[in-house]
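> Whatever this is, show me its structure:
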Amino acid sequence: MMNIFISVYHAILKAFTFPARLFKKKDGSSQKDEKKKKNDEQDLMTEAIKNSASFEGETSKVLEEDKDKSDLFTFNYVVKNDAGQTIKSSFDAKSRSEVEAFLTGEGYTIVSIEAQKKNIFNTDIPLFNPKMTAGELSFALTQLSTYIKAGIPLIDSVRILAKQTVKPAKRKIYERIIYDLVAGEDFSKALENQKDVFPRLLINMVKASEMTGDLPATLDEMSDYYTTIEDTKKQMISALTYPTIVFIMSIVVIAFVLIWVVPSFIEMFQDAEAGLPVITQITVAASNFLSQNYLWILAVLAVIVIVFIVSYKNIKSFRRNVQVFLMKMPVIGKIMIYNEVTMFTKTFAQLLSHSVHITDSMAILSKISNNEVYKDIIAKTMNTLSKGGKISESFKGHWAFPVVAYEMLVTGESTGQLAIMMEKVSVHYANLHRNAVTQVKSLIEPITICFLACAVGFILLSIIIPMFDLYGAVGQM
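Residues are numbered from 1 along each chain as shown. Okay, here's the model as predicted:
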């Protein structure tokens, strides 16, 4: 009976308080006031169930199950802002009335709201789910920190980000955050509700900063972190773009010559009944093979690429073997190891500097790392920590963790300055990674050009040599 009374009381309380929060206008109230109101409501609820402690756990479980069962539907909407501009986007909510209330509360003039029909392009397939790239996160976090430092409340800062976003998919992300903040959720919870969009590391950092009350500083640090990731990605793209283009163009040119140019010379040689040298016979055989089977070759290559990508993403053992193979290659291996060590130590340093427990830090690192070799090391570290051991025990002598990084890890553990040491390691290996990428770029370019020159030269010689023999035979006649 008491359990039923508590559930009814909670439903009545929610019915009276939620609309007031949902329709709240932009009156300049700070995040602190909203949070205080939320705390007052929680205090009232706590007082109501204080005398029924035996039912507290069961009530919480029921409420959580009800929350999980509540499905969200996607609604397409067309609205006009204060400047009269038409905005088209979509929003996830339980009902059309919630979407209407949210848009009205944001100051939009509603033109239309329609439920979105299910199809392959709006399902939950990861390919179609929008994600924030490292560059977008860095820019957004910098702006958010700047607005908060200027005295603008958090919810209004996110509103600014939403209004300046052109892409509907990205605007939808910010609007969902605004909706959760208006509903009284913490910023970290609003990010966590979209965990497929925002990285686990960012969510945990924001959660830690809410406990310490220093959100802008954390946003600045995470902005620098994602800037580093974006710079590293751009370095790799810059190093591989030119050689990749040259290599692809060389393959296209060679295939074109073999399929459409060489056959015309073959007919000429056959009409003259001239003997062909070995180099020409090789070219003729390659030309005949490509001319007769190039469609099959393209189909087989496409299947191989698709199978490789699918296997790499879904089969752990396959992914691990590929990563181990690449990491043990002479030049590419160093780049991969330097990049992984940089990201691992920098992320670890960020977590430790925000007073995140070492075990929790390792759990977060295991989720954000895409390298199975380092995931194995982290799993081994967590097992070692559970037995009372040290972090360095799992990294000792491992081929994927350089000696310099290991020694600094040991020093950080012994001196109690682990966060500082990990930050220094990340800076050191970031520089090594940058230099290695530059070396690879300078090495790949001449190799690719030499490959193109040798391949084209081989084909030209295979054609020119028999032509000289043919002209010599004609001159003797």
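
> Please, where are all the helices along the stretch 301-450 of the chain?
For the stretch 301-450 of the chain, the helices defined by DSSP state H, counting those that start in this stretch occupy 316-327, 332-353, 358-368, 372-386, 392-395, 403-415, 418-476.

> Helix or strand with the lowest mean pLDDT in this structure?
helix 56-69 (a mean of 37; mean pLDDT, DSSP states H and E).

> which helices and strands does the helix or strand hosting residue 218 pack with?
Remark: residue 218 resides in helix 215-256, with elements defined by DSSP states H and E. If you count contacts as 3 or more CB pairs under 8 Å, 6 or more residues apart in numbering; DSSP states H and E, helix 215-256 packs onto helix 134-149, helix 200-212, helix 332-353, helix 418-476. Placement of C-beta: from N, CA and C, glycine included.

> if we can go back for a sec, check the helices of the stretch 301-450 of the chain for me: which has the lowest mean pLDDT.
The stretch with the lowest mean pLDDT among these is helix 418-476, at a mean of 82.

> Am I right that residue 79 is in a helix?
No: under DSSP: H, G, I helix; E, B strand; the rest coil, residue 79 falls outside any helix and is assigned strand.

> what sits against it?
For residue 79, the contacting residues are 86, 87, 103, 108, 109, 110, 111, by CB atoms under 8 Å, 6 or more residues apart in numbering.

> Mind listing the strands the helix or strand where the last one lies pairs with, and their directions?
With secondary structure defined by DSSP H and E, residue 111 is part of strand 109-115. Sheet pairing here is set by DSSP bridges, and for strand 109-115 it gives strand 73-80 (antiparallel).

> List the buried residues for the partner strand?
Using 16 or more other CB atoms under 10 Å as the test for burial, strand 73-80 gives 75, 76, 77, 79.

> got CSV for those residues, with distance to residue 289 and pLDDT too?
Listed next are those as CSV, based on distance: CB to CB, whole Å; pLDDT from 0 to 100:
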residue, distance to residue 289, pLDDT
75, 57, 84
76, 53, 86
77, 57, 86
79, 60, 86
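
> Mind putting the residues you listed into a markdown table with distance to residue 401?
Below are those laid out as a markdown table (distance: CB to CB, whole Å):
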| residue | distance to residue 401 |
| --- | --- |
| 75 | 50 |
| 76 | 50 |
| 77 | 51 |
| 79 | 53 |
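
> Looking at those, spot the one nearest residue 183.
residue 75 (16.9 Å; CB to CB).

> how deep is the closest residue to that closest one other than its chain neighbours tucked in, by neighbour count?
Closest residue to residue 75 apart from its sequence neighbours, by CB to CB, 6 or more residues apart in numbering: residue 99 at 4.7 Å. As a burial measure, residue 99 scores 24 neighbours (other CB atoms under 10 Å).

> repeat for residue 420
16.

> Hmm, it is touching residue 412, no?
Yes: if you go by CB atoms under 8 Å, residue 420 and residue 412 touch, sitting 7.0 Å apart.

> Name the residues of stretch 286-297 that are buried.
286, 287, 290.

> and what of stretch 146-158?
For stretch 146-158, by 16+ other CB under 10 Å, it's 147, 148, 152, 153, 154, 155, 156, 157, 158.
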